[in-house]
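[1] Return a 3D structure for these sequence lines:
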Amino acid sequence: MTLTKIVVSRLLIFMNEQNSTQYKLAQKSGVPFPTIKSIMQQKTKNISLRTIILLSRGLGIKASEFLDDASFDEVELL
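    This next block holds a predicted model:
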């Protein structure tokens, strides 16, 4: 599985738990809405750690909680 697919999957889990939208996440995280939209549509291939940290903060969780998933252990990095 690609990094983008895993990040999208994790975002959907946390956003659904919070009944949040991409727009609300953009407002809370400071990540521009077009960037979030691009990530969710899997058009963004290289998601920076900075972006993951900002998105995590916008979700009200620690980045370590966001990254705490076995999927990241098997991510395709090529």
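
[2] Just checking the distance from the longest helix that the chain contains to the centre of its chain.
    Criterion DSSP state H: the longest helix present in the chain is helix 3-17. When distances are taken as C-alpha atoms, centre = their mean, to the nearest Å, helix 3-17 is centred 6 Å away from the chain's centroid.

[3] buried stuff in it?
    For helix 3-17, a neighbour-count test (16 or more other C-beta atoms under 10 Å) marks 3-4, 6-8, 10-11, 14-15 as buried. C-beta: built from backbone N, CA, C; applies to glycine.

[4] residue ranges with poor pLDDT in this structure?
    For the chain, the stretches with pLDDT under 70 are 78.

[5] which stretches of it form helices?
    Counting by DSSP H, the helices of the chain are 3-17, 22-29, 33-40, 49-59, 63-67.

[6] quick one on the thing from earlier: got the buried residues of helix 3-17 as JSON lines, with distance to Ala26 columns?
    Converted to JSON lines, these look like this (distance: C-beta to C-beta, whole Å):
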{"residue": "Leu3", "distance to Ala26": "20"}
{"residue": "Thr4", "distance to Ala26": "18"}
{"residue": "Ile6", "distance to Ala26": "20"}
{"residue": "Val7", "distance to Ala26": "15"}
{"residue": "Val8", "distance to Ala26": "15"}
{"residue": "Arg10", "distance to Ala26": "17"}
{"residue": "Leu11", "distance to Ala26": "12"}
{"residue": "Phe14", "distance to Ala26": "14"}
{"residue": "Met15", "distance to Ala26": "11"}
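
[7] Could you single out the nearest of those residues to Lys28?
    Met15 (10.8 Å; C-beta to C-beta).

[8] ok, and the closest non-adjacent residue to that closest one?
    What sits nearest to Met15 in space, not counting adjacent residues and going by C-beta to C-beta, 6 or more residues apart in numbering, is Leu25, at 6.4 Å.

[9] From Ile61, how far off is the one you found?
    12 Å (C-beta to C-beta, to the nearest Å).

[10] I appreciate the help and will end here.
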